[in-house]
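Participant: need a 3D model of the following:
(one chain, ligands or ions: 1)
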Amino acid sequence: MKDPMTTTQTAASISLEGLAKTFGGQPAVAGLDLSLPPGAFLVLLGPSGCGKTTTLRMIAGLEDPTSGRIRFGDRVIADGGSGLSVPAERRGIGMVFQSYALWPHMTVRANVEWPLKVDGWSAADRRARVQEVLAMLGIDQLAGRHPAQLSGGQQQRVAIARTVAPRPKVLLFDEPLSNLDARLRVDTRAELVQVHLATGATSVYVTHDQIEALAMATHIAVLRGGRLEQFGTPDDLLQRPRTAFVAEFLGSPSAVLLEGEVRGGTLRSASLGGAALAGGLDAPEGTVLTAMYRPERLVLAAAEGEPAPEAGAEVTVLEATPSAGRFVVTVAAGAAGRFSVVAEQRIAVGAKRRLVLPPAPDALFDAAGDRWEPAG
Ligand SMILES: Nc1ncnc2c1ncn2[C@@H]1O[C@H](COP(=O)(O)OP(=O)(O)OP(=O)(O)O)[C@@H](O)[C@H]1O
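Facilitator: The predicted model follows:
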């Protein structure tokens with residue numbers, strides 16, 4: 001075989017084409033199309049049951065598609081139509097799970113070396129590669145220990161070292177951080193991104209945590225009910241959400257959505273005392289639209305004085321949480337519900353404030369939740 005130490009790794013692009021999976025007649029994944037460039041870090045994001053894990057398992061070769069195809073580069077690795085499915089161990093993938101099983105009777109070095117032996121690497125190449133990945137993960141001083149002599153975090157690093165040692169072209173992660181406490185989660189997610197960059201692999205990562213997604217991804221696919229709601233860079237999704245679902249799912253705090261009805265070209269919110277949400281709209285009388293505002297664009301002004309109708313509705317402060325030198329303030333806005341805005345100052349719980357809206361919202365969505373653009 002070729003000398004793996006001198007083979008430069010070429011990351012694979014990944015394409016999903018009409019990818020679908022049905023369990024007992026129920027669609028779990030209902031036709032995904034996306035194309036990921038080599039070396040990208042894709043996060044599959046969405047609420048429980050939206051099809052993230054099923055998609056990852058199809059990429060891994062643990063599940064066969066009912067229809068549609070998966071390609072790594074030019075190579076079709078699974079095709080539901082023809083039944084083609086390259087076995088998992090021949091796809092050039094590495095998987096990092098939430099739980100990991102190290103061989104208890106083997107040292108750290110032997111655990112990491114094992115997949116290289118299976119792949120037929122020479123003894124000298126194995127030694128060099130094991131040293132390289134242990135150093136990459138900062139665990140080279142643990143090489144002679146057994147798993148029982150390691151902390152949970154150290155064991156996880158050994159498992160990651162073992163996964164990346166054979167130079168997989170594609171790395172797959174299934175909620176690998178969900179068992180860790182908050183602090184370790186942040187540290188480990190930064191390390192996983194470093195591992196991704198150091199290996200040059202194309203990575204696919206499943207989570208329902210949008211903060212994790214925004215922190216790690218080069219690309220995010222938001223799934224909902226087995227369908228692709230939106231695919232793009234984190235900035236695309238934050239700045240140009242295609243649906244109200246994406247707008248509400250992403251961002252910390254998430255975007256504020258306020259519903260209104262068009263009267264004489266102006267969108268007004270009945271639940272905010274008739275406040276104008278957007279003006280100059282070329283939409284039929286009575287059209288229902290939802291206005292989206294990024295939370296930092298809404299202002300909570302002092303509540304005293306005559307309430308002018310355009311000054312917005314009165315809201316009550318429920319909570320103020322410090323965040324990076326500012327405060328995330330959650331308010332109750334009567335029939336408009338609860339939402340969070342970003343304020344410069346702490347505001348006492350129970351205080352009344354007047355909600356001041358910017359002249360125009362960041363986006364408008366129609367009654368179906370899709371982005372609404374004025375006709376023409
Ligand atoms: N082996 C299976 N047999 C039957 N139904 C399944 C199977 N695996 C998944 N499903 C169903 O397919 C749908 C998608 O499941 P999947 O695990 O992909 O979702 P998920 O987004 O990963 O959810 P979670 O975040 O809760 O893990 C769910 O309705 C689930 O019940």
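Participant: residues near Gly39, how many?
Facilitator: Here the count is done by other Cβ atoms under 10 Å, and Gly39 has 17 residues near it. To be clear about C-beta, it is placed using only N, CA and C from the backbone, and glycine gets the same treatment.
Participant: pretty sure it contacts Thr202?
Facilitator: Yes: at 5.9 Å, Gly39 counts as touching Thr202 under the criterion of Cβ atoms under 8 Å.
Participant: which neighbours do those two share?
Facilitator: Counting by Cβ atoms under 8 Å, 6 or more residues apart in numbering, the shared contacts of Gly39 and Thr202 are Ala11.
Participant: contact partners for the residue of the stretch 151-300 of the chain found nearest the ligand?
Facilitator: Relative to the ligand, the nearest point of the stretch 151-300 of the chain is His208 (5.0 Å; Cβ to the nearest ligand atom). By Cβ under 8 Å, 6+ apart, the contact set of His208 is Leu45, Gly46, Pro47, Ser48, Lys52, Glu175.
Participant: identify those among these that sit within helices.
Facilitator: Residues of the contacts of His208 located in helices (DSSP state H): Lys52.
Participant: which ones among the contacts of His208 are found in strands?
Facilitator: Leu45 (DSSP state E).
Participant: got a PyMOL select line for the buried ones in the contacts of His208?
Facilitator: Under the burial definition 16 or more other Cβ atoms under 10 Å, those of those that qualify are selected in PyMOL by:
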select buried, resi 45+46+52+175
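Participant: next up, the contacts around Trp372.
Facilitator: Leu289, Leu364, Phe365, Asp366.
Participant: related to what we said a few turns ago, tell me the least confident of the contacts of His208?
Facilitator: Lowest-confidence member of the contacts of His208: Glu175, scoring 88 (pLDDT).
Participant: does that residue really touch Glu212, like I thought?
Facilitator: No: look at Glu175 against Glu212 with Cβ under 8 Å: they stay out of range, at 9.1 Å.
Participant: pLDDT on stretch 32-44, on average?
Facilitator: pLDDT averaged over stretch 32-44 gives 97.
Participant: that stretch and the ligand in contact?
Facilitator: No: against the ligand, stretch 32-44 shows no contacts by Cβ under 6 Å from any ligand atom, the least distance being 7.8 Å.
Participant: could I get the CA-only coordinates of that stretch as CSV?
Facilitator: The C-alpha coordinates for stretch 32-44 follow below in CSV (Å, rounded to 0.1, in the frame of the first residue of the first chain):
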residue,chain,number,x,y,z
LEU,A,32,-32.2,16.9,1.6
ASP,A,33,-30.1,18.7,-1.0
LEU,A,34,-26.9,20.3,0.0
SER,A,35,-23.3,20.6,-1.2
LEU,A,36,-20.4,21.1,1.2
PRO,A,37,-16.9,22.2,0.1
PRO,A,38,-13.8,20.2,1.1
GLY,A,39,-12.6,21.1,4.6
ALA,A,40,-15.9,22.6,5.7
PHE,A,41,-17.4,22.2,9.1
LEU,A,42,-21.1,21.5,8.7
VAL,A,43,-23.5,21.6,11.7
LEU,A,44,-26.8,19.8,11.4
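Participant: how far does it sit from the chain's center?
Facilitator: 12 Å (Cα atoms, centre = their mean, to the nearest Å).
Participant: name the residues that touch it?
Facilitator: Here stretch 32-44 has contacts from 10-20, 52, 55-56, 68, 73, 193, 196, 200-207, 212-213, 216-221, 223, 227-228, 231, using Cβ under 8 Å, 6+ apart.
Participant: any idea how far Gly200 lies from Val170?
Facilitator: 11 Å (Cβ to Cβ, to the nearest Å).
Participant: ditto for Ala244
Facilitator: 33 Å.
Participant: can you list the residues of the stretch 151-300 of the chain near the ligand?
Facilitator: Going by Cβ under 6 Å from any ligand atom, the residues of the stretch 151-300 of the chain near the ligand are His208.
Participant: which residues of the stretch 151-300 of the chain score low on pLDDT?
Facilitator: Within the stretch 151-300 of the chain, no stretch has pLDDT under 70.
Participant: what's the longest helix in this structure?
Facilitator: Ordering each helix of the chain by length in residues (DSSP H) puts helix 182-199 first.
Participant: quick one: buried residues of that helix?
Facilitator: Arg185, Thr188, Arg189, Glu191, Leu192, Val193, Val195, His196, Thr199.
Participant: list of residues touching it?
Facilitator: 9, 41, 96, 136-137, 153, 156-157, 160, 164, 167-168, 171, 173, 176-177, 180, 203, 205, 212, 215-216.
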